[in-house]
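Participant: next come a sequence and a model predicted from it.
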Amino acid sequence: MKGPKWVGNDPKGGVKDQEMTQCPVTAGGGGRAGTAPGGEGLAAAQEGAAESQSLTTASQCFPVPPRLLYPFGPGAGDETTPVEDDGMSPEQLLQGRFSFYGRAQTSLYVNNNGVVSFGRGVPEYTPKPFPLAERIPFVAPFWADVDLRRGGKVFYRQSRERPLLARLRRDLAAAAPPQGPAPSPTWAFLATWHQVSFFGAASNKTNTFQAVLASDELSSYVMLNYGSLQWTTGIADGGNPHSGTGGLPAQAGFNSGDDLHYYNLPGSRTPAVLSIARRSNVATPGRWIFRVDEFTATEPPPTPAPSTAVPTAPPPATTEKVYVCNW
């Protein structure tokens, strides 16, 4: 039970974490999906990516980009959410048309706990599996118990700036359909969680990640960029106050709000969720891009009850390509 925020002494100090998140050596992977989609100059460089790291498949190696996140912070014209536990931005009326699972969205909230939600805020700090019974449409780059009083900030803005849109056009091309035109966004919304801590933290572990919503008035895309992910769980969900792990780890993905369309990034609600910062579905480590007006990755049907029939091989978990680390 979470109860009052900070009862007793506020933990101080702690061990500064220097570890790099590493993902398991696997040949594939894939998320779980329903019928889902096809500063003061704060540096936007991907944290912890200065070293020579790589993702591999059987025949390809992709170096980790040194600058993955889009510019953010006061120097980029961002606003910030309240510095509090379980807080959120005021309602943001969208200046561009954004379709999410076939529904035009007109406003959103940026929630401190790693969620961009449509129609209402999400103060809930315990991540739940998709689809949600509450039928709340939202994007969850990293749904976990963030506490900005322990450190970090959450930035957000809408933009029609040409340089930003030009960069988005180049980056979104990786997710364009093979025989379709490349996306040419005319509007974007960016939300960035910069070095955010967790509830009950007694260490300096922080997470940095970003969600970018983009639209060209016809198609809509979500880009998830991950910098450094060092923790998964706050203490109210059973996490360790020093390591930020254990208990019920973070959830990442999408929920349409209709009980049918959803997508869970690989490793969600398990310790392996940290690996999304070194994996990708577009061959760029730490970056995930999805078309969300019509999402095409699918999940296999539920496993049937045991029978005497001869078993057959199950269908693949998803049609996406996932690139993983090889250490």
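Facilitator: That came in fine, so what should we check first?
Participant: just checking, Asp259 touches Pro137?
Facilitator: No. Between Asp259 and Pro137 there is no contact under Cβ atoms under 8 Å: 11.3 Å. Yep, even glycine has a C-beta here, placed from its N, CA and C like the rest.
Participant: who has more neighbours, those two?
Facilitator: Each of Asp259 and Pro137 has its neighbours counted (other Cβ atoms under 10 Å); Pro137 has more, 22 against 13.
Participant: who touches Ala218 in this structure?
Facilitator: Careful, residue 218 is Leu and not Ala. Residues in contact with Leu218 (Cβ atoms under 8 Å, 6 or more residues apart in numbering) are Asp293.
Participant: doesn't it lie inside a helix?
Facilitator: No. Secondary structure of Leu218 (DSSP: H, G, I helix; E, B strand; the rest coil): coil, not part of a helix.
Participant: so how far is Phe100 from it?
Facilitator: Distance of Leu218 to Phe100, given as Cβ to Cβ, to the nearest Å: 14 Å.
Participant: what touches both of these two?
Facilitator: Contacts common to Leu218 and Phe100, judged by Cβ under 8 Å, 6+ apart, are Asp293.
Participant: any weak-confidence spans in the protein?
Facilitator: Within the chain, the segments meeting pLDDT under 70 span 1-66, 295-327.
Participant: state the distance from Pro71 to Thr80.
Facilitator: Relative to Thr80, Pro71 is positioned 15 Å away (Cβ to Cβ).
Participant: among the two, which residue is more densely surrounded?
Facilitator: Legend: neighbour count by other Cβ under 10 Å for Pro71 and Thr80, higher for Pro71 (23 against 16).
Participant: element containing that one?
Facilitator: Secondary structure assigned from DSSP states H and E places Pro71 in neither a helix nor a strand.
Participant: against Ser220, how distant is it?
Facilitator: For Pro71, the distance to Ser220 equals 22 Å [Cβ to Cβ].
Participant: likewise Pro82?
Facilitator: According to Cβ to Cβ, Pro82 stands 28 Å off from Ser220.
Participant: and the two? which has more neighbours close in?
Facilitator: Higher neighbour count among Pro82 and Ser220: Ser220, with 26 against 13, using other Cβ under 10 Å.
Participant: residue contacts, the nearest residue in space to that one that is not next to it in sequence?
Facilitator: Closest residue to Ser220 apart from its sequence neighbours, by Cβ to Cβ, 6 or more residues apart in numbering: Asp293 at 4.3 Å. Asp293 makes contacts with Pro37, Ser99, Phe100, Tyr101, Gly102, Leu218, Ser219, Ser220, as judged by Cβ under 8 Å, 6+ apart.
Participant: is the second one bridged to anything, and to what?
Facilitator: The reference is to Ser99. Ser99 has the following beta-bridge partners by DSSP bridges: Ala104.
Participant: contacting residues for it?
Facilitator: Applying Cβ under 8 Å, 6+ apart to Ser99 gives the contacts Gln105, Ser215, Ser219, Ser220, Val292, Asp293.
Participant: please identify which of these is nearest to Leu190.
Facilitator: Of all the contacts of Ser99, Ser215 has the smallest distance to Leu190: 12.9 Å, by Cβ to Cβ.
Participant: what's opposite Val115 in the beta bridge?
Facilitator: Using DSSP bridges, the beta-bridge partners of Val115 come out as Asn111.
Participant: surely it touches Ala144?
Facilitator: No. Look at Val115 against Ala144 with Cβ under 8 Å: they stay out of range, at 9.6 Å.
Participant: residues contacting Lys153?
Facilitator: Counting by Cβ under 8 Å, 6+ apart, Lys153 makes contact with Thr80, Thr81, Val83, His194, Gln195, Val196.
Participant: again with Val110
Facilitator: By Cβ under 8 Å, 6+ apart, the residues touching Val110 are Thr81, Met88, Ser89, Gln92, Val116, Val154, Tyr156, Ala191.
Participant: what are the boundaries of the helices in the protein?
Facilitator: Using DSSP state H, the helices of the chain run over 162-172.
Participant: what sits closest to Lys128 if chain neighbours are left out?
Facilitator: Nearest to Lys128 is Gln251, by Cβ to Cβ, 6+ apart, at 6.8 Å.
Participant: any idea how far the one you found is from Ala188?
Facilitator: Distance from Gln251 to Ala188, by Cβ to Cβ: 24 Å.
Participant: next one: phi and psi at the nearest residue to Val154 once chain neighbours are set aside?
Facilitator: In space, and not counting its chain neighbours, Val154 is closest to Thr81: 4.3 Å by Cβ to Cβ, 6+ apart. Main-chain torsions, Thr81, degrees, to the nearest 10: phi -80, psi 160.
Participant: burial measure for Thr81, as a count.
Facilitator: Thr81: 21 neighbours (other Cβ under 10 Å).
Participant: distance check, it against Lys153.
Facilitator: Note on Thr81: its distance to Lys153, by Cβ to Cβ, is 8 Å.
Participant: mind listing the shared neighbours of the two?
Facilitator: In contact with both Thr81 and Lys153: no residue, using Cβ under 8 Å, 6+ apart.
Participant: can you give me the buried ones in stretch 219-237?
Facilitator: By neighbour count on 16 or more other Cβ atoms under 10 Å, the buried set for stretch 219-237 is 219-237.
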